[in-house]
Each structure stands twice: as structure tokens, then as C-alpha cells.
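S.K.: no sequence on this one, just coordinates:
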């Protein structure tokens, strides 16, 4: 049985599962409880009332107000880092020094590229599995689309368009990560700040943005990650290939595949139009539980989880590029591709 610690007890750590409008398990605590080979040994937060409430509700043996004390006194195998982005670096490095086997860190790793790379490097040097919660990599919908693309269902990819909401680092980052999964490593980005809603997350403004990205595969990506208000939400991908198109709509609940064919709606003889050939409602999966299973498998196989520190750097580089490009009058920002 793997002993688990959870640092930070905000929404994604545990309370998000109380939302009746959400299906399945979204939280770290809930995922560990439902996976048969993990046991939550300790939780840590500076908010004593919350820490004691989580400890009592989930029958966790210990609560610590200081994560350093938790790392020193508890013999932990896996630690989830569910604190604000600006705190990730210090906590991840402390976990690495404490000798844990795996770290499951919330996205994004950092606001700073150098800090994120340091975290990845240190975990690799210590042989620690570093997973990053870009949860769509464990989602059955997005994995199914990855399989379609791998077998050439729409031919070679040409463009990917992502439609997201405000907050590049916290919301749209999920879609940007999927673009990287499908298209490869980013080489350059041009971005703009369109204004509109700015989400404040843990006291830090996380604005939206619009960007155009060039990938090493030759695919061009377009990102709309902005909205006029905090309740305007969308999460869709439109993927175009040489022989067809795939659309992921309704926040990943539906996948539509189109192929070029001569139909009654074609503009004339010999012309081909996009014709829908498949609409799929992929089977629901408990993606957070699957993430924990993946992490445990990687501890035992010395491999990397589907979403790991190294893969997560690409999305961070794109977001950083959009922000810097917007600040420099839409200059093209060159990105060093992942090694």
C-alpha cells in the first residue's frame, strides 16, 4: 500500500467533488481513496479548521499545518501538491529532498520557465516520478482522438484550433497541452491580449490570450483563450487534416469525424465537401483515478506518466510566449523545443 500526503486543501484537493454539477471524481483525495493501492497518510494546510475537517471526514491519520513537518515526520511514497502555482517550486524541491517516490503536482508547474525546468531536472536526478495534472491526458475522449490521429483517420495534420475560456495558466492550459500531445513540440508563438475577463486565482491575475503556434511537425495551432465574464466557459478542439476533420465538443463529451467526399451538398461535379462519418460519445472513465494508477505503475516500472514534468513544459512555453509576444507588440517568440 502506497502512503500518500496531500499538501494544500483547496477545491481541487478535495472539495470539488461536493459540486453536484460535476460527474465522477475530480479531486486528489477522492482519487486516492478510490484507488485500491493508495492510502492517505497525512494532509497539510495552514488553515487548521480545513485541515482538521478533511482529516476527520476522510479518516486521515495525521494533519500538519506545515508541509515541511509532514515531509520530515511521515514516511510518504506519493505527495500531491495542490497549492497555488507560485508555491510549487519550493514544495516540489522539498518533496524531492524528502525522498518520496512520486509527486503529483497541479498544473501549471510554475509561472516561470526556469523554475519549471529546475523542478523537472531535480526530480529526474533523484529518480522521482513527476506527474502534472493535465487531466485530459488520462481522459478517454482525448485518448480516443489520439488513437484516431495515430492511425491516420484524417491524414496528416494541418491545423488545430482550441477554443477556451479566460485564464491561460489555469483553464486554457488544458487545451494547449492537448495541442502539444497531438502536434508535437512548439517552435514559435505569436500572441495578443484581447482584454475582457481576468481571472484572479489565489491573488494572482491570470488573463486570457489569443495565440498562433508553429509546431515541429509543421502543424499550425490557433488558440482562443478568453471570455467576457467568469461564467462564460467553453472547451473545444477543431483538428484539420489533409483528408478530414475531427471536432471535440461539449467539453470532451462528443467527438465528430468528417471526411472529404462528393455529396449532394458539394459545390459542383468533382468537388468534395466535408461529410460527417462518425459521432462518438466516448465511454466515461474516472480519469483522476486512472492518473493515480498510471503514477503507481510508473513508480514500479521506472517509466513516465502520460502527463509528466517534461511534457508539461511545452504548454508552459506556449503560454509564456503568448504573454511575452503580447507585451512586445505581437513579436514572434521563438521557443526552444523540448529535448
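M.R.: Arrived safely. What you are looking at is a predicted structure, and each value in this text was computed from that prediction instead of being measured.
S.K.: Which residue ranges of this protein form helices?
M.R.: Taking DSSP state H, the helices of the chain run over residues 28-34, 48-57, 67-73, 88-98, 113-125, 140-150, 173-183, 287-301, 309-327.
S.K.: so can I have a markdown table of the ones you listed showing mean pLDDT and distance to residue 212?
M.R.: Yep, even glycine has a C-beta here, placed from its N, CA and C like the rest. As requested, the helices of the chain are arranged in a markdown table below (pLDDT from 0 to 100; distance: least, C-beta to C-beta, whole Å):
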| stretch | mean pLDDT | distance to residue 212 |
| --- | --- | --- |
| helix 28-34 | 98 | 34 |
| helix 48-57 | 94 | 42 |
| helix 67-73 | 97 | 40 |
| helix 88-98 | 98 | 28 |
| helix 113-125 | 97 | 20 |
| helix 140-150 | 96 | 21 |
| helix 173-183 | 98 | 11 |
| helix 287-301 | 98 | 29 |
| helix 309-327 | 96 | 9 |
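S.K.: any idea where the strands of the stretch 201-339 of the chain begin and end?
M.R.: If DSSP state E, counting those that start in this stretch is used as the criterion, the strands of the stretch 201-339 of the chain fall at 204-207, 209-215, 220-225, 236-241, 244-249, 254-261, 273-280, 333-334.
S.K.: Output the helices of the chain in CSV, with mean neighbour count and distance to residue 260 appended to each entry.
M.R.: Converted to CSV, the helices of the chain look like this (neighbours: other C-beta atoms under 10 Å; distance: least, C-beta to C-beta, whole Å):
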stretch, mean neighbour count, distance to residue 260
helix 28-34, 23, 42
helix 48-57, 15, 53
helix 67-73, 17, 55
helix 88-98, 20, 45
helix 113-125, 18, 40
helix 140-150, 18, 16
helix 173-183, 24, 20
helix 287-301, 20, 33
helix 309-327, 23, 30
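S.K.: Export the ones you listed as JSON lines, with columns for distance to residue 227.
M.R.: Output for those, formatted as JSON lines (distance: least, C-beta to C-beta, whole Å):
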{"stretch": "helix 28-34", "distance to residue 227": "27"}
{"stretch": "helix 48-57", "distance to residue 227": "30"}
{"stretch": "helix 67-73", "distance to residue 227": "34"}
{"stretch": "helix 88-98", "distance to residue 227": "25"}
{"stretch": "helix 113-125", "distance to residue 227": "26"}
{"stretch": "helix 140-150", "distance to residue 227": "22"}
{"stretch": "helix 173-183", "distance to residue 227": "13"}
{"stretch": "helix 287-301", "distance to residue 227": "24"}
{"stretch": "helix 309-327", "distance to residue 227": "16"}
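S.K.: so which of those comes closest to residue 334?
M.R.: helix 309-327 (8.4 Å; C-beta to C-beta).
S.K.: between that closest one and helix 113-125, how many degrees?
M.R.: Taking axes from the mean of the first three to the mean of the last three C-alpha atoms, to 10 degrees, helix 309-327 and helix 113-125 form an angle of 170 degrees between their directions.
S.K.: Relative to the whole chain's centre, how far out is helix 309-327?
M.R.: Averaging C-alpha coordinates over helix 309-327 and over its chain gives two centres that are 13 Å apart (C-alpha atoms, centre = their mean, to the nearest Å).
S.K.: the domain parsing of the protein - what is it?
M.R.: In the domain annotation for the chain, the residue ranges read 2-133+288-308, 137-284+316-333 (automatic domain parsing).
S.K.: How much space separates the closest residue to residue 280 other than its chain neighbours from residue 41?
M.R.: Nearest in space to residue 280, with sequence neighbours left out and distances taken as C-beta to C-beta, 6 or more residues apart in numbering, is residue 255 at 4.6 Å. Using C-beta to C-beta, to the nearest Å, residue 255 is found at 39 Å from residue 41.
S.K.: go on, residue 82?
M.R.: Here the distance between residue 82 and residue 41 works out to 16 Å (C-beta to C-beta).
S.K.: Model confidence score at the spatially most central residue of the chain, please.
M.R.: Averaging the C-alpha coordinates of the chain gives a centre point, and the residue nearest to it by C-alpha atoms, centre = their mean is residue 134 (1.8 Å). Looking at residue 134, its pLDDT reads 98.
S.K.: Going forward, the N-terminal residue is numbered 401.
M.R.: Yes, from this point I'll number from 401; that puts the last item at residue 534.
S.K.: Is residue 656 in contact with residue 676, as I believe?
M.R.: Yes. Residue 656 sits in contact with residue 676 when judged by C-beta atoms under 8 Å, with a separation of 5.9 Å.
S.K.: who has more neighbours, those two?
M.R.: Neighbours were tallied for residue 656 and for residue 676 using other C-beta atoms under 10 Å; the higher tally belongs to residue 656 (15 against 12).
S.K.: so what's that one scoring on pLDDT?
M.R.: According to the prediction, residue 656 has pLDDT 96.
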